[in-house]
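Novice: the amino acid sequence is not available; the structure is as follows:
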């Protein structure tokens, strides 16, 4: 089947992209600049998966009612959003008809076939949120037209409350070598990652670690800690919430504090990965290439450490 190389398919795809961008900007102007620019920001933070409150409230039912959106950007008229949705819906319908004709003529038209369902999902999102007041689940939304696998990550950091990308897990040895990493296509709770990470460690080294140090996100309950301490000498995971005297004493030992200092040092490695090995922003297309770029950066990080021995 021949590929379509004419300006017809490319022009239709570009028009779909531009109109969908306008709908996204009108729907959520404070997110549109990040969500539809096609550049996924890498997040190494392993905690915080809930969606920030970006609820939109429509006052009144007249055509000139305003859509009040918190954050940056001017308020959008509901009638303007409706016109944008109608415009994109019409173009999507023309694109579907063109795709049928192109397939009948023996052309694949891959760009057109790829973008049509994504644009349809964006239209559905806009209609549900703006006109029906439906708050969609975070994993049901499209945050990037060009990288539809992108997720929203709430980190709670000052100046960067949210980022777009994927969770990345890294595990380090005492010599700072990253011996295990994983890029998650879908968000998982930190406490769900502990067991597979320990399993990967045993597969690589033949035994479990002497010291296990993580942040509070990996804490589940004290039963989990007691179980881990049967096989690991030092389990340096802080408890969430209030502590009794025995738990306070456990977290006051020199071994526990050494583990937490080592964990804090891992933040420095994350900073190096972002600044030196360009993992702060991924410019490659597709989730597989996204994950591959993380692996490439980690390989270079370990290679530099090896040259210093």
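Specialist: Received, thanks. This is a predicted model, so every value here is computed, not measured.
Novice: what about stretch 223-240, start to end distance?
Specialist: Taking CA to CA, to the nearest Å, stretch 223-240 runs 13 Å from one end to the other.
Novice: any buried residues in stretch 120-128, and which?
Specialist: With burial defined by 16 or more other CB atoms under 10 Å, the residues of stretch 120-128 counted as buried are 120-123, 125-127. For the C-beta atoms, the positions are set from N, CA and C on the backbone; glycine is no exception.
Novice: then stretch 155-168?
Specialist: Within stretch 155-168, the residues that qualify as buried by neighbour count (16+ other CB under 10 Å) are 162-168.
Novice: show the average pLDDT along it.
Specialist: For stretch 155-168, mean pLDDT rounds to 82.
Novice: any idea how far apart the tips of it sit?
Specialist: Taking CA to CA, stretch 155-168 runs 13 Å from one end to the other.
Novice: just the buried residues of stretch 120-128: which are in strands?
Specialist: Members of the buried residues of stretch 120-128 lying in strands (criterion: DSSP state E): none.
Novice: tell me the buried residues in the helix or strand hosting residue 79?
Specialist: Assigned by DSSP states H and E, residue 79 falls within helix 78-104. Judged by neighbour count using 16+ other CB under 10 Å, the buried positions of helix 78-104 are 78, 81-82, 84-85, 88-89, 91-92, 95, 98-99, 102.
Novice: next, count neighbours for the nearest residue to residue 265 once chain neighbours are set aside.
Specialist: Ranked by CB to CB, 6 or more residues apart in numbering and with sequence neighbours excluded, the top spatial neighbour of residue 265 is residue 176, at 7.6 Å. Look at residue 176: counted by other CB atoms under 10 Å, it has 16 neighbours.
Novice: quick one: contacts for residue 176?
Specialist: By CB atoms under 8 Å, 6 or more residues apart in numbering, the contact set of residue 176 is 265, 269, 305.
Novice: any idea which of these has the most stuff around it?
Specialist: Within these, most neighbours by other CB under 10 Å means residue 269, with 18 neighbours.
Novice: distance of that one relative to residue 277?
Specialist: In this view, residue 269 and residue 277 are 10 Å apart by CB to CB, to the nearest Å.
Novice: if I look at those two, which residues touch both of them?
Specialist: Common neighbours of residue 269 and residue 277, using CB under 8 Å, 6+ apart, are residue 301.
Novice: can you confirm residue 212 is in a helix?
Specialist: No. Looking at residue 212 with DSSP: H, G, I helix; E, B strand; the rest coil, it is strand, so not inside a helix.
Novice: the stretch 201-309 of the chain: strands as residue ranges?
Specialist: Taking DSSP state E, counting those that start in this stretch as the criterion, the stretch 201-309 of the chain contains strands spanning 211-213, 234-236.
Novice: can you redo those strands as a markdown table with mean pLDDT and distance to residue 294?
Specialist: Formatted as a markdown table, these follow (pLDDT from 0 to 100; distance: least, CB to CB, whole Å):
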| stretch | mean pLDDT | distance to residue 294 |
| --- | --- | --- |
| strand 211-213 | 94 | 22 |
| strand 234-236 | 93 | 25 |
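Novice: so which of these is nearest residue 309?
Specialist: strand 211-213 (21.2 Å; CB to CB).
Novice: can you give me the pLDDT of the nearest residue to residue 150 once chain neighbours are set aside?
Specialist: With CB to CB, 6+ apart as the criterion, residue 150 has its nearest non-adjacent residue at 4.1 Å, and that residue is residue 144. At residue 144, the pLDDT value in this model is 84.
Novice: check residue 138 too.
Specialist: On the pLDDT scale, residue 138 is placed at 79.
Novice: that one and residue 151 touch, don't they?
Specialist: Yes. Contact criterion CB atoms under 8 Å: residue 138 and residue 151 qualify, at 7.3 Å.
Novice: more neighbours: which of those two?
Specialist: Neighbours were tallied for residue 138 and for residue 151 using other CB under 10 Å; the higher tally belongs to residue 151 (21 against 16).
Novice: let me see the contact set for that one.
Specialist: Counting by CB under 8 Å, 6+ apart, residue 151 makes contact with 138-139, 143, 164-167, 186-187.
Novice: again, only this time at 7 Å
Specialist: Neighbour list for residue 151: 143, 165-166, 187 [criterion: CB atoms under 7 Å, 6 or more residues apart in numbering].
Novice: check residue 291 too.
Specialist: With CB under 7 Å, 6+ apart, residue 291 has these contacts: residue 183.
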